[in-house]
Every structure is written in C-alpha cells, then in structure tokens.
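Asker: how would this look folded up:
(chains A and B)
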Amino acid sequence: MALVLVQTVLLTVLTVLVAGLLRAHGTVLRRLHQLDGGAPVDEGTPAFALGPTARPDPRAEADLPAYDVSGETPDGAVVTARLVDVDHDTLLLFLSSGCETCQPFWDDLAAPPPLPARTRLLVVAQSFDAESPAELARLAAPDVDVVLSSDAWRDYRVPGSPHMVLVDGSTGRVRGEGTGQSLRQVLRLLVRSTGDSGLVASDSGGRSDHDAQQEAVADHALLAAGILPGDPRLYGEDA
Amino acid sequence: MSAIAAYGLRVDLPRAWEGRLFRRARPLRAADHPEAYGHPDGSVNPVLHLGNFALPPGRGDYGTGAVERMGAAHVFLSLVEFDREEADRPLFSAQEVPRLDVADFDPRSLQRHIPGQLGCQRFFTENGRAFCLYIVLGSRRHAAALVAQADTVLAGLEVAAQ
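Answerer: Numbers count the residues shown, from 1 in each chain, chains lettered A, B, ... in the order given. A predicted model of the protein is given here:
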C-alpha cells in the first residue's frame, strides 16, 4: 500500500515537472521564432503595443511607474537623466553590445531616424561589469546618448535585449514597451499608434498659412499610414 | 532628491534637473560632433553640466550643442574646473561658490549668442580648486524663476579639497 502511495506521489511530481519543462520549451521556441524574424505568434499584436487601437501589452495595462536613469557613459561620465516630471517623453532603448538582434538597432543609430516631437532617445546598456564599454563606444555614434545602468534594467524589468520602453515625462508612467526588429520599425509603430505629427511640424516658416495647413494634413495622413520622412514609398519605390 | 557626484564634486538635483559629470580623456575637437566646437582647448579637468531639460550628447564644455535646444523656461549650468595652479591667479580670487542675482545676467555674456537667452560667467576658487561657472537662461521672461532654481542648485554644490 505504502509503495503505491509513494509511486503515486512520484508520478504526480514528474507530471508537474514535465509540464513545466514543456511550457518553458514552448516559450523559448516562440521567442526564437520572433527573434528569427518570423511572424508574431499572437496575430494582430504589434511588437511595440501602444495606444487604444493596439492590443495593449499586459505590462502596459498595468500602467507601470517610470524611473529616472542614473549610470555612466562608455567613456566614464557620470549621468543622471530625468524621465519623470519633465516636459519631454523618453524612448529607452535597452541594447547590448554582444546581442546579434541588437545590431539592426545599432545600424539605425548611425543615422538616427527622426523621433516624435519632444521625445528623447536614450540607449541603456548594462553596467561595466556586464558590458564592454569599448565595444559600446565602437557601436554607438558620438551623437547617441548611451548610459550604462544595470539598475535601469532592473527598474524597468527588462526581459532581454533589444527592448524598448516609452516613458511619458509628464505623468511619469510607462506608455508602452516591447521589442522590434529595428529602430525604424519601432518608430513607425510608435508614430502610427500615437498619430504624432510633430515629426515634421514647425517646418513651415515663411510659407502661407494655407500651404502650411495643406502640408500638415498631408503629413498627418502619411504618418497615420506609417510613412515617415525618407520612406522610399515617397519616391515611387517599394518599401 | 537625486544627486550627482564624482571627482570631489557633489550636487543635489531638484525636480526636472539632470546632470553629466565627466573628465575628457582629451580635449574636445570639432570633429567629435558637428555642434560641439565650444572650446578649442576643451578641459581635461572635471566638467559638470546641469540643466532642467534633456541634455543632449556631444556638448562643448560651455554648453554648445545644448543651449541651441533650450526653451524659454530652461536653464543650463556649466562648472569647468581649471588646473590647480590657476587658483593663485587674480581671475580666480573670489572665494566660495558664487550666488546668483538676475542683474548678473546679460545677453553679452553669452559664449554663443542665441536671441532671447541671457548668460553669466563667474570665476572662483573653492577649497583650493579653480572653477569657471557659466550659466545660460532660456529667456528674460522666466529669468527670476530660473535664477532662483540655479541658485538653489549652487547652494547645494559641495567641492572637496583634492
């Protein structure tokens, strides 16, 4: 009788273990599929979920608090960057020097695409003990703000790189977060989600109000379709 | 309240203020950044940059590259340390961190003239260390409030003897 009881308990424990392993395996496969450039498994959910038309990221739904970022630059400057209670928003780009899927982001940063109005881009890598400052300095263009801060990775509970977090400076909350295949793709989703026309605003000096209004309407329509300045489709080429 | 500290300097940062504290490995050159040509012999001593706005990368010692992005309600502060032997010169004869008054600010004191902005430059010695303090206000309209903010920041500046 005791033997049967022990065998039953063992069988139950093994069943739980196998179920857990299978679930973890499924998560890894799904993540690899996404990193490989495959279509999102959860159809309809953009990699960077934001705004009422997108299905919100469960963590975004939680309306998480944001934090200021303190750390060092690759060349040793001490940095305290304000993200909370400020008049600008911040797009945090969590990258690593050794991660292959981060490379398209580093490539995009060599000639950073325009950001939405009043938005700062801050690249955050892990601290010196987990990163190669020399490699970061090589990867990052000189006009890109890079901060090494493992504390920021912990504060924002970054699951891995690349990872983006958009912080609303006025509310001090996280507006959205997620991953993507490139910075340009993320910004396109960002613009589409927010309908931000500030990317091309304040460019109408010297022209008539009518011209400026017409241009603003056209720009807004293009932005709503996810077409940014420099998009090849503006010049009759395929995207 | 956040603080920024290194190289024997420490300052508390009020709400919305952020900072960068660094020592260049070599003097800044124009080629480092298209807008950062502020000082041809950029300091290799500590440089502290503070502001109540998002400080961009690639700034010159006296804020070139940052002051162009300031709004009317913004203030930029640069504290540049000079070599120790400079502390004996008359230029640095003022002792202690200066306190600010709106009357000290003038557009003619700007290192880089930008319409609407006001500047102020002070040289002083604290604990045997020679400094140049340079402050830019975004506008005359907000001058009183901005000077009050900057003065509060300076009141909390600590300079250790080295």
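Asker: show me what the closest residue to chain A within chain B is bridged to.
Answerer: Among the residues of chain B, B:F22 lies closest to chain A, at 3.3 Å counting by Cβ to the nearest Cβ. C-beta here means a position set from N, CA and C on the backbone, and glycine is covered the same way. Note on B:F22: beta-bridge partners by DSSP bridges are B:V47.
Asker: got the contact list for it?
Answerer: Residues touching B:F22, when contacts are defined by Cβ atoms under 8 Å, 6 or more residues apart in numbering or on different chains, comprise A:T73, A:D75, A:G76, A:A77, A:V78, B:P46, B:V47.
Asker: for A:Y67, same thing?
Answerer: Counting by Cβ under 8 Å, 6+ apart, A:Y67 touches A:L83, A:V84, A:A152, A:D155, A:Y156.
Asker: re earlier: give me the buried subset of the contacts of B:F22.
Answerer: Restricting the contacts of B:F22 to buried positions leaves A:T73, A:A77, A:V78, B:P46, B:V47, with burial counted as 16 or more other Cβ atoms under 10 Å in any protein chain shown.
Asker: and of the residues you listed, the nearest to A:L115?
Answerer: When those are compared for distance to A:L115 (Cβ to Cβ), A:T73 wins out at 19.8 Å.
Asker: up against chain B, what does chain A have?
Answerer: A:68, A:70, A:73, A:75-82, A:85-88, A:90, A:120, A:142-146 (Cβ under 8 Å from any Cβ of the partner chain).
Asker: only whichever of those are buried, select them in PyMOL.
Answerer: In PyMOL, a selection of the buried entries from the residues of chain A next to chain B looks like this (16+ other Cβ under 10 Å):
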select buried, chain A and resi 68+70+73+77+78+79+80+81+82+86+88+90+120+143+144+145+146
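Asker: related to what we said a few turns ago, keep only those of the contacts of B:F22 that are in strands.
Answerer: Taking DSSP state E, the ones among the contacts of B:F22 that sit in strands are A:V78, B:P46, B:V47.
Asker: now, which of those sits nearest B:V11?
Answerer: For the ones in strands among the contacts of B:F22, the closest approach to B:V11 (Cβ to Cβ) belongs to A:V78, at 11.0 Å.
Asker: and the closest one, what does it touch?
Answerer: Contacts were defined as Cβ under 8 Å, 6+ apart; by that measure A:V78 touches A:E72, B:I4, B:A5, B:A6, B:G19, B:R20, B:L21, B:F22.
Asker: next: A:D108.
Answerer: If a contact means Cβ under 8 Å, 6+ apart, then A:D108 has A:S182, A:L183, A:R184 as its contacts.
Asker: what strand or helix carries the residue nearest to B:R20 when sequence neighbours are not counted?
Answerer: Leaving aside its sequence neighbours, B:R20 sits nearest to B:H49 (Cβ to Cβ, 6 or more residues apart in numbering or on different chains; 4.6 Å). Applying DSSP states H and E as the criterion places B:H49 in strand B:46-51.
Asker: thanks again, I'm all set now.
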